[in-house]
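*Asks:* got a sequence here, can you model it:
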Amino acid sequence: MGDSRDSLSSAVENFSALKIILPASLAIHIITFNLGFGLLWQVALFIAFGALVWRVANSEEEDVPWDQEPSQPETQQAPASSDETSRPSAEDEAAQPESASEGTKERSSPDSVVKLHELTKGDPQKQSDFWDTCRDAVEREVVNTLNRGHPGMKHVNCWTPAPASSFPVRGKKYLSDGKKIVPDSFHFEPIGVDTFTIEAAQSNIAPWRDGVLSQVKRIAARAGHECPRVLVVNWMVPGSPQINHVQYYAERPFTPITEDDKLFKKMLDHFMTEGNDDFRRKRFKLIASVQEGPWVLKQSTNKPAIIGKKIEMTTHVGEGYLEITIDISTSKIAARVVGMATSTAKSLVIDMAYVIEGRKEAELPERLLGGIRIHHIDMSSIQTGPKLPIPT
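*Replies:* You can find the predicted model right below:
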């Protein structure tokens, strides 16, 4: 699909195809030579086999339909005994993902699932109340393990909100004309970044009592408001020591007006709801660009990429948040690119943003979810994270 086909994940796919084609082609040559096949027949077989493997390696995954109302969990009666309380219902068992790598790692009780489903809808008035009352406190009081940069300060070893104009997205007619547009805003606003070393990389950082999300929730509660729903993107970076880089984005006030607005909100609600891991894996897209740094890194990161296509991605849905965790160690090429970035981090300024990829005209234009700019990180100064198990 257009931009994602030229992405890092496409490079991984093409490299994988070559690893199959080259040895197999040698085998075909040996067999056909011994059988007395002429050179033209050998060439024809090479081309046919190579085309077949390439097509399989680059074939599109079946899309996941989302444009239906999420099913409402049924209210269940209290069980008759404590033994029945500890046993999951048949519906819960059926809803469990087949593997932990493609599903949420924690399940909620039926009552809390209903509550989480309601939270994913987003309330524009509550969002406005929070931002009107708590914005200054969030910017001033929240302690980030990676500092927040402010106007007037030297932007070194910190993060700042990224300009939306840095991230071209698919326009309304992209599927027919291939044109992208320059957006002017994000749907979520960054509220903090946690970056720390840890004994073992953790896939569920959001509930940490000293983390950004917990601090923001306390600020909201103190003001008598609810925190808007929050998107958490947790990058687990391999190395010695392990690093968690966690970005937090709170939803901005949004009232759907046009039909495009309403459809986007419906798709976003589906994206944020527990159980829709396959949709997130196939549609959650990273747009990254190196603003300052080596040319080779700029070339490696300047195309959008569907993250879950070649990198293991897990999700956790908690009270008012969705945490998407990306395990860099599950892709050798991604780990190599990140390794290059960490080794030259002091010289880098990197923009990162996320979108839900639009694959039908009704889903376009794409809208930016959230984005940040990371400035000149000194890897030796990264703070030590919480002791395990993470206190909540």
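
*Asks:* roughly how far apart are Met352 and Leu268?
*Replies:* 19 Å (C-beta to C-beta, to the nearest Å). (Each C-beta comes from the backbone N, C-alpha and C, glycine too.)

*Asks:* try Gly239
*Replies:* 34 Å.

*Asks:* okay, the two: which has more neighbours?
*Replies:* The neighbour comparison of Gly239 against Leu268 (other C-beta atoms under 10 Å) goes to Leu268, with 23 against 15.

*Asks:* show me what the host helix or strand of that one packs onto, helices and strands only.
*Replies:* Following DSSP states H and E, the helix or strand that holds Leu268 is helix 259-272. On a contact count with 3 or more C-beta pairs under 8 Å, 6 or more residues apart in numbering; DSSP states H and E, helix 259-272 meets helix 277-283, strand 349-356.

*Asks:* what's near enough to touch the closest residue to Lys298 other than its chain neighbours?
*Replies:* Spatial nearest neighbour of Lys298, chain neighbours left out: Val290 (4.5 Å); criterion: C-beta to C-beta, 6 or more residues apart in numbering. Val290 is in contact with 297-298, 301-302, 348-351, counting by C-beta atoms under 8 Å, 6 or more residues apart in numbering.

*Asks:* give the helix, strand or coil label for Val290.
*Replies:* strand (DSSP: H, G, I helix; E, B strand; the rest coil).

*Asks:* just the strands from this protein, written as ranges.
*Replies:* Here the chain has its strands, by DSSP state E, at 158-161, 169-170, 180-181, 188-198, 230-237, 242-251, 284-292, 305-306, 312-318, 321-327, 349-356, 368-375, 383-384.

*Asks:* need these in TSV (columns: distance to Glu274 and mean pLDDT).
*Replies:* Converted to TSV, the strands of the chain look like this (distance: least, C-beta to C-beta, whole Å; pLDDT from 0 to 100):
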stretch	distance to Glu274	mean pLDDT
strand 158-161	28	96
strand 169-170	27	97
strand 180-181	32	97
strand 188-198	18	96
strand 230-237	14	97
strand 242-251	17	97
strand 284-292	15	95
strand 305-306	21	95
strand 312-318	4	96
strand 321-327	8	97
strand 349-356	17	97
strand 368-375	18	98
strand 383-384	31	94
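
*Asks:* and of these, who's closest to Thr258?
*Replies:* strand 180-181 (15.6 Å; C-beta to C-beta).

*Asks:* that closest one: how far from the chain's middle?
*Replies:* Centroid separation between strand 180-181 and its chain, computed with C-alpha atoms, centre = their mean, to the nearest Å, is 21 Å.

*Asks:* which residues sit against that strand?
*Replies:* In contact with strand 180-181 (C-beta under 8 Å, 6+ apart) are residues 3, 168-172, 174, 365.

*Asks:* one step back: any idea of the angle the helix holding Leu268 forms with strand 321-327?
*Replies:* If you take axes from the mean of the first three to the mean of the last three C-alpha atoms, to 10 degrees, helix 259-272 sits at 70 degrees to strand 321-327.

*Asks:* quick one: helix 259-272 to strand 188-198, angle?
*Replies:* Per the same axes, to 10 degrees, the angle that helix 259-272 makes with strand 188-198 is 20 degrees.

*Asks:* pLDDT-wise, which helix or strand of this protein ranks last?
*Replies:* Counting by mean pLDDT, DSSP states H and E, the weakest-scoring helix or strand in the chain turns out to be helix 82-85, with a mean of 38.

*Asks:* report the contact partners of the closest residue to Thr392 other than its chain neighbours.
*Replies:* Nearest non-adjacent residue to Thr392, counting by C-beta to C-beta, 6+ apart: Pro207, 4.3 Å away. Pro207 makes contacts with 213-214, 318, 390, 392, as judged by C-beta under 8 Å, 6+ apart.

*Asks:* Asn244: which of those is nearest?
*Replies:* Each of the contacts of Pro207 was scored against Asn244 by C-beta to C-beta, and Ile390 proved nearest at 10.0 Å.

*Asks:* which residues touch the closest residue to the closest one other than its chain neighbours?
*Replies:* Leaving out its chain neighbours, the residue that sits closest to Ile390 by C-beta to C-beta, 6+ apart is Trp208, at 5.0 Å. Going by C-beta under 8 Å, 6+ apart, Trp208 touches 194, 214, 386, 390-392.

*Asks:* out of the residues you listed, which is most surrounded?
*Replies:* Neighbour counts for these (other C-beta under 10 Å) peak at Asp194, which has 25 neighbours.

*Asks:* just to check, that residue is in contact with Leu213?
*Replies:* No. Asp194 is beyond contact range of Leu213, at 9.1 Å (criterion: C-beta atoms under 8 Å).

*Asks:* quick check: neighbours shared by those two?
*Replies:* Each of Tyr248 lies in contact with both Asp194 and Leu213 under the rule C-beta under 8 Å, 6+ apart.

*Asks:* any chance of the contacts of Val290 in a markdown table, with distance to Trp131 and neighbour count too?
*Replies:* Shown next, in a markdown table, are these (distance: C-beta to C-beta, whole Å; neighbours: other C-beta atoms under 10 Å):
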| residue | distance to Trp131 | neighbour count |
| --- | --- | --- |
| Leu297 | 35 | 19 |
| Lys298 | 35 | 15 |
| Thr301 | 31 | 23 |
| Asn302 | 33 | 14 |
| Leu348 | 31 | 20 |
| Val349 | 27 | 16 |
| Ile350 | 27 | 23 |
| Asp351 | 23 | 18 |
